[in-house]
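> Predicted model and sequence below, questions to follow.
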Amino acid sequence: MAHLDTGAAPTPGGSAPILSWSNLNYDVKVNGGVRRILHDISGAVYPGELVAIMGSSGAGKTTLMNVLSGRVQGGKLHGEINFMGAKRDPHSFKRMLAFVEQDDLMYPTLTVEETLRTSAQLRLPDTKYTRAEKEARVESVLRQLRLSRVKDSMIGGNGMRGVSGGERKRVSIGAELVTDPSILVLDEPSSGLDSSSAEMVISLTKEMSHERNLCTLMTIHQPSAEMVAQFDKLILLAQGKLVYIGPAKEALPYFENLGFPPTNPNPANFFIDLMTVDFSSTEAMHKSEARVQSLVDNFADFRERRGRILPSQKEQLDSAVTTGNGLGDGAAAAANAAVNDSASASIVMASSRSSKDSHADSAGITSVYNAAGADITREAADLVLVEPPPLNSWVSEVLVLLRRDWIMTIRSRSFINGLIVQCLAMLIFVGFVFFQLKHDQQSVQNRVGVLYTLILLSTFPVVIPVMTIIMAGRSVLFRERSGGTYRMTAYFLARGLSFFPVIYVPYIIMFTGVYFISHLQYDAGKFFIAFAILAVLLFASLGFAFSMAMIVDRMEVAHTIAPVTLATLMLFGGNLSNANSITPVLRWIKYICIFYYPYSALMQNEFDGLAFTCGNGKGSCYTTGSEVIHAYGLDELSIHVCVIICLSLGIAFYIFSYGLLRWAAKPRFLWI
Ligand SMILES: Nc1ncnc2c1ncn2[C@@H]1O[C@H](COP(=O)(O)OP(=O)(O)OP(=O)(O)O)[C@@H](O)[C@H]1O
C-alpha cells in the first residue's frame, strides 16, 4: 500500500513510515554563487513499498536519493530526516540501509554464490548469525532472485565473460539483501539493461519488497509502462522541486485532473515530458518553465489543502472541493475522492507549510506536518567523520578476506601465467647471459650485472601487475570501506598474503636457477642469505605496488608514474651511479631507494671472500671482492642492517598505503 506522507504518524493500515523527510533543501557552491539543488522536499516511505524517484536529467533524483541514504558530501543540507520516527543514528542507519550502485561493483572472478556468501559472512554479525544461518540466507536470496541456476558462474567484467547484465544487477541487489536491510536503495537499476532484464529486476525487487516488508527506493530514468505499473509510489521531481509524491496509480488521474491528460501510452514518458524544460527556443523555455512551476505550485497547494484535513475541518475540505480553491477542479475532486474512498485514503498528504504537529483523522487520512521544517536553517547538517563500529572480530574478517582474495588471485590466470612465463624466461636469459662466472676481471662486471638484474627483476615485473590488480578492485574496496564492511588492516593483511605464494614460488625457482647457472658462490650460507635478501625485496615491492595503487586513482596514470618512479630510483641503487659520488643534494635519495639496500646486501654477500685474477695485467684490476664492494661504495651498511632497512621500507610502504586509504575513503557525509 502506498502513502503520501512526511511524518511518523501511523497510517490507516497501522504501519508507520520507515523513512520520512521534511523540508529538505540542498545547496551547492557553483561559480559565482550558490545553487539550490533540492527545494523544500518532504515525503515518506513505508515498509513493503516499491518507490520510484523519477524526473528528467538533472532534476535532482540522485541528489535526493543520496541525501536520504546519508551519502551526500559537500554543499549545505537543511531539513529533517527520520528513520522509524526518530533522528537517524549514522552508524545503525548505515547497517539498516543497503545501497546498490548504478555500476555493479563486484569482483569479476568470484562466482555469484561466492559474492553473496562473502557479503553475508562480512556483513552479518557472528554474534547474531551462525554459519549455517548465513548460508541459509544466501540460499534464500539466490532462490528469490532466480540466481540458483547461475550460482557457480563467475560475475565477469573487465573483458571477462560472466553472467548476463540482468543477472549481474540481481547479484548486486542480492549482495545487499543478504544483509537483511530495512531499506534498499537502488541507483538506476535498469540502466544498461534490455527491457526484459530491466522488467525482471523491477518485478523481483517488488516481490522481495513485499515478501520481506522491505522499503525499496530507486531512481529510474525512463521505465516502460509495465515497470511503472509495478511501483507502489512515485516521487516526481522537476528542477529539484516536488511535482508529485503519492501512489503510482493515482499519478495519472492527478495530472489529468490538473488539466494534463496523458499524451503518451507510457506514463513515465508522459510525466517526463510534462516536467522537462524545453530549451529549444526562448519561448518554449518560458512556456515549459511556467508549466513546471505551476505543477510544483499546484502540488504544494494540493498538499497544503490536504494538510488541513482534520476531523473537525472536514467541512473546510468540502468547501474547498466545492470551490476548487487552489486546485484544478479535477484535483479537488480527486482529493475529495481520496477522503471518501477508504481505498484511496491511503493517499496521506503532508503539508510543508502548516505549523501543526501530526494528526490523524477518523477516516484514516493522516495529515502530517513537522514543525521543525518551518525554519530550514534550523536543522543544518552535521558532518559524519566516524566510521561505523566493526561487525565481526578482526580474525574472522581476515579469514573471510583471505579466502576471497586467495580465490581471486589464483583465478587471475593472466597474472599467474604471466609470472610463470616471465620467471622462466628470466631464468633462461639471465642464467645463460651470465653463464658459469669464473674469477677473472670480466666476471667482476658480470657478477655486478647479474646481481643488479636480479634486483630489477624483483621489482618492475612484480610492482606493475600487482598494482594493476589492486587498482582494478579499488572501487569495490572503496564501496566496502564506506559501508564499514571490514577493517582496513584486515584488508591489507589478507590482500598482501594472497599475493605472496603466487609471487614467491616462481621467483624462488627463477632465483635458484639463476644462482646456480651463473655460478654465484656455491656456499649454503651465502645462498640462503641471498635468498632472504630477495624475499625481503619482493615484500618491499608488494608494499610499493600497494602505495602506487592508493596514491593514484586512474590506471593509465599509475602505469606511467610507477615505472617512471622505479626507473628514477634505479639511478640511486648503487649500480648505475657510484653510491658515494652522487651529487650531494640528491644523495639522500639512495636512503629511500628500494634498490639500494638489497643491492648493497647482495653485493657484499657475493663478493665477500672472492679473489680475482688480473689476466694480462693491463688496466685496473680488482684482486678481491672487498675491493669491488668498496669501489662501488656499497660497504656503508652491513648486510643485516640493509636487510632490516629494506624490510622496514616495505612495512613503511604498507603503512603509507593504509594511511592513504583511510584518508581517501574516510566518510565525510552530511548528516541530518
Ligand atoms: N555537488 C554539486 N555541485 C554542483 N552541481 C551539482 C552538484 N550535485 C548535483 N549538482 C547538479 O544538480 C542537478 C541535479 O543533479 P542530480 O545528479 O541529482 O540529477 P539527476 O536527476 O540524478 O540527473 P541524471 O538523471 O542525469 O543523473 C544537476 O544539474 C547537477 O549538475
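Yep, it's here.
> Got the confidence number for the closest residue to residue 248 other than its chain neighbours?
Take residue 248 and drop its neighbours on the chain: the residue closest to it by CB to CB, 6 or more residues apart in numbering is residue 231, 4.2 Å away. (Each C-beta comes from the backbone N, C-alpha and C, glycine too.) With respect to pLDDT, residue 231 has a value of 95.
> what does residue 90 give?
With respect to pLDDT, residue 90 scores 84.
> what's the burial count for it?
With neighbours defined by other CB atoms under 10 Å, the count for residue 90 comes to 16.
> If I follow the layout properly, it ends up in contact with residue 669?
Yes. When contacts are counted by CB atoms under 8 Å, residue 90 is listed as touching residue 669 (7.3 Å).
> how far out from the middle of the chain is stretch 447-454?
Relative to the chain's own centre, stretch 447-454 is displaced by 43 Å; criterion: CA atoms, centre = their mean, to the nearest Å.
> could you dump that stretch to PDB, C-alpha only?
Extracted as PDB, the C-alpha positions of stretch 447-454 are listed here (Å, rounded to 0.1, in the frame of the first residue of the first chain):
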ATOM      1  CA  ARG A 447      78.600 -10.500 -11.200                       C
ATOM      2  CA  VAL A 448      77.800  -6.800 -10.600                       C
ATOM      3  CA  GLY A 449      75.400  -7.100 -13.600                       C
ATOM      4  CA  VAL A 450      73.600 -10.300 -12.600                       C
ATOM      5  CA  LEU A 451      73.000  -9.100  -9.100                       C
ATOM      6  CA  TYR A 452      71.600  -5.800 -10.300                       C
ATOM      7  CA  THR A 453      69.500  -7.600 -12.900                       C
ATOM      8  CA  LEU A 454      68.100  -9.800 -10.100                       C
END
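> got a list of what the closest residue to the ligand within the stretch 501-650 of the chain touches?
Residue nearest to the ligand within the stretch 501-650 of the chain: residue 553 (18.3 Å; CB to the nearest ligand atom). By CB atoms under 8 Å, 6 or more residues apart in numbering, the contact set of residue 553 is residue 474.
> Verify the assumption that it is located in a helix.
No. Assigned with DSSP: H, G, I helix; E, B strand; the rest coil, residue 553 falls outside any helix and is coil.
> Can you tell me which residues in the protein are near the ligand?
Taking CB under 6 Å from any ligand atom as the criterion, the chain approaches the ligand at residues 28, 30, 37, 55, 57-63, 74-75, 221.
> Strands - which of those land there?
Mapping the residues of the chain next to the ligand onto strands (DSSP state E) picks out 28, 30, 37.
> Most neighbours out of those residues, which is it?
So for these (other CB under 10 Å), the most neighbours sit at residue 37, 21 neighbours.
> Check what pLDDT it gets.
On the pLDDT scale, residue 37 is placed at 94.
> Over to residue 416?
94.
> That one and residue 495: what is the separation?
Separation of residue 416 from residue 495 (CB to CB, to the nearest Å): 16 Å.
> who has more neighbours, those two?
Neighbour count, other CB under 10 Å: between residue 416 and residue 495, residue 495 has more, with 24 against 17.
> Near the residue nearest to residue 248, how many other residues are there?
26.
> I'd guessed it sits against residue 52; true?
Yes. Using CB under 8 Å, residue 231 is in contact with residue 52, at 4.6 Å.
> how deep is residue 290 tucked in, by neighbour count?
Residues within reach of residue 290, counting by other CB under 10 Å, total 11.
> so which helix or strand takes in it?
Per DSSP states H and E: residue 290 is located in helix 282-307.
> what's that helix packed up against?
When contacts are defined as 3 or more CB pairs under 8 Å, 6 or more residues apart in numbering; DSSP states H and E, helix 282-307 sits against strand 233-238, strand 241-247, helix 267-275, helix 314-323, helix 329-340.
> Mind doing that once more with 6 Å?
Here helix 282-307 touches strand 241-247, going by 3 or more CB pairs under 6 Å, 6 or more residues apart in numbering; DSSP states H and E.
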